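**Q** Sequence and computational prediction follow.
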Amino acid sequence: AQSVTQPDIHITVSEGASLELRCNYSYGATPYLFWYVQSPGQGLQLLLKYFSGDTLVQGIKGFEAEFKRSQSSFNLRKPSVHWSDAAEYFCAVVVYSGNTPLVFGKGTRLSVIA
Amino acid sequence: DGGITQSPKYLFRKEGQNVTLSCEQNLNHDAMYWYRQDPGQGLRLIYYSQIVNDFQKGDIAEGYSVSREKKESFPLTVTSAQKNPTAFYLCASSMGDPLNTEAFFGQGTRLTVV
């Protein structure tokens, strides 16, 4: 069964510093890959997605992610973090077979300090 | 505006009672999903429905029930058989075609057993 691992439970970065959140998936084929963000007490918002093609994908709010097939990874990056980026970030995968559910990692909580 | 509406935002239940969480979408999506979120656990799939009048159990379906009588509605009932129902519940929907397989989420319902 497919699974998603986010190794970092909590990360703290300084405002203006760069950010990388790690995500590894376990599946034989290339799945569809997603990053979502969740503010406290809210639903999830899609940041970006990868289906095929260029392995570096751009998303909203200045985020990008790179798919590396050899490492089964889909890490999320941002060159300069803003205080408003503090939230919980979830990596998710799905193998398309017609409306199949997303499988989520356990999330990484991002704190931003001044 | 198109979107997913979950109600109520907060719900309190006495032990032994059944409660129903509402989820409505006007995105014309075929698939709908219910996830449960607990701190540090990520999102776990309860039930999902790919088309009207059909649904499948997810990873943690015990103590829950659903119905899908209309395309736009996918209510979740938390029964008295669910031993630890206090959690944040998220409803989602997706279009399901290969280029639009991401899920869109509601704002969630926080259920507390008192």
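**A** Looks like it arrived, so ask away.
**Q** which residue is nearest the middle of chain A?
**A** Nearest to the mean C-alpha position of chain A, counting by CA atoms, centre = their mean, stands residue A:35 at 3.4 Å.
**Q** Neighbouring strands - and their directions - for the host helix or strand of that one?
**A** Residue A:35 is located in strand A:32-38, with elements delineated by DSSP states H and E. According to DSSP bridges, strand A:32-38 has the following sheet partners: strand A:44-50 (antiparallel), strand A:87-94 (antiparallel).
**Q** now the ones you listed as a markdown table including mean neighbour count and mean pLDDT?
**A** Every residue, glycine included, has its C-beta placed from N, CA and C. As requested, those are exported to a markdown table (neighbours: other CB atoms under 10 Å in any protein chain shown; pLDDT from 0 to 100):
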| stretch | mean neighbour count | mean pLDDT |
| --- | --- | --- |
| strand A:44-50 | 20 | 94 |
| strand A:87-94 | 23 | 94 |
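**Q** between the ones you listed, which gets nearest to residue A:24?
**A** Residue A:24 lies closest to strand A:87-94 among the strands paired with strand A:32-38, at 8.5 Å (CB to CB).
**Q** circling back to that earlier point, which one, of the strands paired with strand A:32-38, ends up nearest to residue A:22?
**A** Closest among these, using CB to CB: strand A:87-94, at 8.5 Å.
**Q** centre of the chain versus that closest one, how much separation?
**A** 5 Å (CA atoms, centre = their mean, to the nearest Å).
**Q** hmm, who's touching that strand?
**A** A:2, A:4, A:6, A:21, A:23, A:25, A:27, A:31-40, A:44, A:47, A:74, A:76, A:100-105, A:107-110, B:42-43, B:101 (CB atoms under 8 Å, 6 or more residues apart in numbering or on different chains).
**Q** Please check those residues and keep the buried ones.
**A** Buried members of these, scored by 16 or more other CB atoms under 10 Å in any protein chain shown, are A:4, A:6, A:21, A:23, A:25, A:31-38, A:44, A:47, A:74, A:76, A:100-105, A:107-110, B:42-43, B:101.
**Q** circling back to that earlier point, residues contacting the closest residue to the residue nearest to the centre of chain A other than its chain neighbours?
**A** Excluding the flanking residues, the one nearest residue A:35 by CB to CB, 6 or more residues apart in numbering or on different chains is residue A:47, at 4.4 Å. Residue A:47 is in contact with A:34, A:35, A:36, A:37, A:59, A:60, A:61, A:63, A:65, A:76, A:89, counting by CB under 8 Å, 6+ apart.
**Q** mind running it again at 6 Å?
**A** Counting by CB atoms under 6 Å, 6 or more residues apart in numbering or on different chains, residue A:47 touches A:35, A:37, A:59, A:60, A:63.
**Q** cool, residue B:82 as well?
**A** By CB under 6 Å, 6+ apart, residue B:82 lies in contact with residue B:63.
**Q** The one 4 residues further on now?
**A** With contact taken as CB under 6 Å, 6+ apart, residue B:86 is in contact with B:112, B:113.
**Q** Pretty sure residue B:74 sits against residue B:23.
**A** Yes. With contact defined as CB atoms under 6 Å, residue B:74 counts as touching residue B:23 (4.9 Å).
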